[in-house]
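Attaching a predicted model along with its sequence, questions to come.
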Amino acid sequence: MEFRRLHPLLRLASRPLLSSSRRFSVYDDEMEQITRPDWHVVMNGKYNKGLAFTIKERQRLGIMGLMPCSVRSMDDQMNAALANFEARPTDIARFTYLSAVHHRHRRLYYRFIKENIEKSLPIVYTPTVGDVVATYGLNFQQAISLFISIHDKGHIRDLMHNWVDEGVKAICVTDGGRVLGLGDMGANAMGISLGKMILYTALGSIPPSTLMPVCLDVGTDNQALLQDPLYVGARIPRVKGPEYDELVDEFMESAVKCFGNNTFIHFEDFATPNALKFLEKYQYKYCCFNDDIQGTGATGLAAFINVERITGRKLEDTVFLFVGAGSAALGIANMLAMELEVRGIPAEEATKNIYLMDVNGILTPESPNPPEMGKIFIKSMEPMKDMMAVLKKLKPSVLVGATGVGGIFNEEVLKTMAKNHERPAVFPLSNPTANSECTAEQAFTHTEGRVLFGSGSPFPPVVINGKRYRPAQANNCLTFPGIALAAITAKARYLPNEVFSVVSHELARNTPQELLDEGTLFPPIKDAHNVAFNVGVAMTQYLIDNGKISLVIQTASK
Ligand SMILES: NC(=O)C1=CN([C@@H]2O[C@H](COP(=O)(O)OP(=O)(O)OC[C@H]3O[C@@H](n4cnc5c(N)ncnc54)[C@H](O)[C@@H]3O)[C@@H](O)[C@H]2O)C=CC1
Ligand SMILES: CC(=O)C(=O)O
Ligand SMILES: [Mg+2]
């Protein structure tokens, strides 16, 4: 892992020796200590490298005796970390162990996550991050992120001045309005901003010192949190209306003033009405990105492109049913409609076979308050509320779940999909695992292994009649690290919708043919960092070719 700025002592340590009055003789008579001893280098995770400091480095840095005499290579430290990680009895204990590694030795932490991504992703991300968010107050240890509360209105720039690193290039901001499928999690949502930014580094190779996770703490309507003595956020009902909007405006203005107008600002887990409002308001004004809408949109479209490759059934001839009409479903459905239009299908035709249903049923002219982004999918048909009745009538071959409601794709739903189609596609996208619309085992079992499958949270392989099926993870973590990498690399001024189409196609292309042949829709998680790199390159190329980069860059004025 390359870190951009070295601690001055480490820089000094890599230079030829200067003369000094103090002399060490234990290991190397020629070695001299050139500076006052500084334990800071071993106490700060940003500079520490544990037992990997050589004896010479220990002498140069004045840290002899602050660790045992063994020198342990990074490879050996990785082995020790893996043994420690696996010895922990629960996933939350593994998360806590890794957080301690982050605190004392960041290089080891990111290398561990990257090189053990199949084991570590479910810990630092969904599903365990859901438990981390739920128990955030109980386990709170150390601030490594920026909290901006409603009480800080008018002073956000001052708070940004307090941030630990200069040269911030990307921010992940949440207000905790809808965290995974857990609902309003108030200030506990910081766990989600942190989790996303860990993947910026582990998958996107973006230096952590350029990243700032933020939680806008505007209170919460979650009564359990308000009554929890350990809750760390503002104990007030969630602030809404102009006061809230002004806070978010001030946050955006402060971010670009402090860190430059190319700062990549990632919105995460805002409740859908706010997510849609801010995307519309800021998309062409800032270099901003909504992961739940655009990152998920790009991921979902990639899945559909690969369904088309496997089944040979054209997207324009496919009937899609989205159960859920929030950020995730709207993001994917709109990406799909855009793809069809790019392929020459007229706008009205493009949405003809794309159906959305929310908690009130299929979107029809009678639906109460359909979101603006969902209006193109409204169908002039009889209102239908029952999912089974809809499945029987429309016979979709692609079924997407983005409701946050665990288990609603039950045996009957899955069997109906299998009865109607030789290769039905089913996407229970909701997180964490308990909120998944079905499990992989249920999906493969009730479709006799014929399903094309992608879930938001990971599931282990499924074996049916001796045949092993590999469930793919359909999660925006396959896109947002590459999107961030590209936006930062190209110094993008703003991100038009078309870039996400480039991202989708690149993600789909990264799925090896042998996996498509066995019915797997996405690249394996072990290749996620290669995917992030390839997505980053493709998107950067698009931004440069299409003049979306800044020619005049307004830099920070912190
Ligand atoms: N796999 C991934 O990459 C992603 C997954 N998600 C997941 O998607 C879920 C939804 O997120 P959002 O769209 O932001 O939430 P949201 O709360 O805005 O939308 C949920 C939608 O589901 C509908 N709904 C609820 N119960 C229903 C039912 N029984 N039948 C039909 N519709 C029902 C609601 O009316 C609403 O339209 C969350 O669990 C989240 O974790 C979100 C983003 C990315
Ligand atoms: C994956 C993600 O962004 C979500 O579940 O909200
Ligand atoms: Mg999210």
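Done, it's in. Ligands and ions are numbered 1, 2, ... in the order given.

Break the protein into its domains for me.
What automatic domain parsing lists as the domains of the chain is 126-286, 294-545.

end to end, how far does the longest one reach?
Read it as domain 294-545. End-to-end distance of domain 294-545 (Cα to Cα, to the nearest Å): 21 Å.

Run a quick neighbour tally on the one residue in the stretch 401-550 of the chain that gets nearest to ligand 3.
Closest approach of the stretch 401-550 of the chain to ligand 3 (Cβ to the ion) occurs at N476, with a separation of 6.9 Å. No exception for glycine: its C-beta is placed from N, CA and C like everyone else's. Around N476 sit 24 other residues, with neighbours defined as other Cβ atoms under 10 Å.

now it: how far from P432?
Shown here: N476 relative to P432, a distance of 14 Å by Cβ to Cβ, to the nearest Å.

same question, I305
Counting by Cβ to Cβ, the gap from I305 to P432 is 27 Å.

go on, K419?
From K419 to P432 the distance is 30 Å (Cβ to Cβ).

got it, and N530?
26 Å.

who has more neighbours, these two?
Per other Cβ under 10 Å, whichever of N530 and P432 has more neighbours is P432, with 23 against 13.

Touching, the more buried one and V132? I think so.
No: contact between P432 and V132 fails when scored by Cβ atoms under 8 Å: they sit 10.3 Å apart.

Could you list the low-confidence segments of the stretch 401-550 of the chain?
Scanning the stretch 401-550 of the chain for pLDDT under 70 picks out the ranges 548-550.

Where do the helices of it begin and end?
411-420, 440-446, 480-489, 498-509, 513-517, 528-545 (DSSP state H, counting those that start in this stretch).

before we move on, the earlier item: okay, the domains of the chain in TSV with distance to R107 next?
Below are those laid out as TSV (distance: least, Cβ to Cβ, whole Å):
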stretch	distance to R107
domain 126-286	10
domain 294-545	16
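
Out of those, flag the one nearest N48.
N48 lies closest to domain 126-286 among the domains of the chain, at 13.8 Å (Cβ to Cβ).

Now do the contacts for E341.
347, 350 (Cβ atoms under 8 Å, 6 or more residues apart in numbering).

Tell me the confidence at it?
Looking at E341, its pLDDT is 97.

And P37, by the same measure?
57.

Count the residues that sit near P365.
11.

Can you tell me how far it is from G324?
Separation of P365 from G324 (Cβ to Cβ): 20 Å.

How about P524?
26 Å.

can you check E412 too?
19 Å.

could the helices of the stretch 401-550 of the chain go into CSV alongside distance to ligand 2?
Converted to CSV, the helices of the stretch 401-550 of the chain look like this (distance: least, Cβ to the nearest ligand atom, whole Å):
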stretch, distance to ligand 2
helix 411-420, 21
helix 440-446, 17
helix 480-489, 8
helix 498-509, 15
helix 513-517, 22
helix 528-545, 14
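
most tightly surrounded among the ones you listed?
Greatest average neighbour count among those goes to helix 480-489 (a mean of 27), per mean count of other Cβ atoms under 10 Å.

Am I right that M190 sits in a strand?
No: according to DSSP: H, G, I helix; E, B strand; the rest coil, M190 belongs to no strand; its state is helix.

surely it meets G137?
No: applying Cβ under 8 Å as the test, M190 and G137 come out as separate, 10.6 Å apart.

can you count the residues close to I378?
Should you count by other Cβ under 10 Å, I378 turns out to have 17 residues around it.

swap in V164?
V164 has 12 nearby residues by other Cβ under 10 Å.

Kindly indicate whether it is helix, strand or coil.
V164 is classified as coil under three-state DSSP.

Use 49 as the first number from now on
Got it, first residue is 49 now, which makes that one V212.

residue contacts, it?
Counting by Cβ under 8 Å, 6+ apart, V212 makes contact with nothing.

how much space between it and A191?
9 Å.

got the contact list for A450?
344, 370-372, 374, 376-377, 380, 477-478.

nearest to G243, of those residues?
Distances from G243 to the contacts of A450, taken by Cβ to Cβ, are shortest for T344, at 15.5 Å.

What are the buried residues along the strand or helix carrying that closest one?
Here T344 is covered by helix 344-359, with elements defined by DSSP states H and E. By neighbour count on 16 or more other Cβ atoms under 10 Å, the buried set for helix 344-359 is 344-356, 358-359.

out of M238 and G185, which sits in the more crowded spot?
The residue with more neighbours, out of M238 and G185, is M238; 27 against 16, by other Cβ under 10 Å.

residues contacting the closest residue in space to the more buried one that isn't next to it in sequence?
Nearest in space to M238, with sequence neighbours left out and distances taken as Cβ to Cβ, 6 or more residues apart in numbering, is C263 at 4.1 Å. By Cβ under 8 Å, 6+ apart, the contact set of C263 is 193-196, 221-224, 235, 237-238, 241.

Of those, which is the nearest to ligand 3?
Nearest to ligand 3 among the contacts of C263, with distances taken as Cβ to the ion, is T222, at 8.2 Å.

what sits against the closest one?
T222 neighbours (Cβ under 8 Å, 6+ apart): 237-238, 240-241, 262-264, 315-318.

Need phi/psi at the nearest residue to L194 once chain neighbours are set aside.
For L194, ignoring the flanking residues on the chain, the nearest one in space by Cβ to Cβ, 6+ apart is V262 at 4.8 Å. Main-chain dihedrals, V262, degrees, to the nearest 10: phi -130, psi 140.

Next one: V262 from N270, what distance?
For V262 relative to N270 (Cβ to Cβ), the value is 20 Å.

and the two? which has more neighbours close in?
Set side by side, V262 and N270 show more neighbours around V262, with 26 against 20, by other Cβ under 10 Å.

And the residue of the stretch 199-348 of the chain closest to ligand 2?
In the stretch 199-348 of the chain, no residue comes nearer to ligand 2 than L228, which is 4.5 Å away by Cβ to the nearest ligand atom.

Next, the contact list for the nearest residue to that residue once chain neighbours are set aside, please.
Computed as Cβ to Cβ, 6+ apart, the closest residue to L228 that is not its neighbour in sequence is N479, at 4.3 Å. Residues in contact with N479, defined by Cβ under 8 Å, 6+ apart, are 174-175, 178, 228-229, 504-505, 523.

ok, the residue in the stretch 49-198 of the chain positioned nearest to ligand 2 - how many residues close by?
Minimum separation of the stretch 49-198 of the chain from ligand 2 (Cβ to the nearest ligand atom) falls at T174, amounting to 5.9 Å. T174 has 26 neighbouring residues, counting by other Cβ under 10 Å.

Likewise for R518?
15.

re earlier: does anything pack onto the helix holding T344? Which helices or strands?
Judged by 3 or more Cβ pairs under 8 Å, 6 or more residues apart in numbering; DSSP states H and E, the packing partners of helix 344-359 are helix 375-390, strand 446-449, strand 473-476, strand 500-503, helix 546-557, helix 561-565.

what's the angle from it to helix 375-390?
60 degrees (axes from the mean of the first three to the mean of the last three Cα atoms, to 10 degrees).

And ligand 3, is helix 344-359 touching that?
No: contact of helix 344-359 with ligand 3 (Cβ under 5 Å from the ion) is absent, the minimum separation being 7.5 Å.

how far is the next helix or strand along the chain from that helix from where the chain is centred?
Using DSSP H and E, the helix or strand that follows helix 344-359 in sequence is strand 368-371. In terms of Cα atoms, centre = their mean, to the nearest Å, the centre of strand 368-371 is found 23 Å from the chain centre.

Describe which strands strand 368-371 pairs with in its sheet and in which direction.
With DSSP bridges as the test, strand 368-371 is paired with strand 402-406 (parallel), strand 446-449 (parallel).
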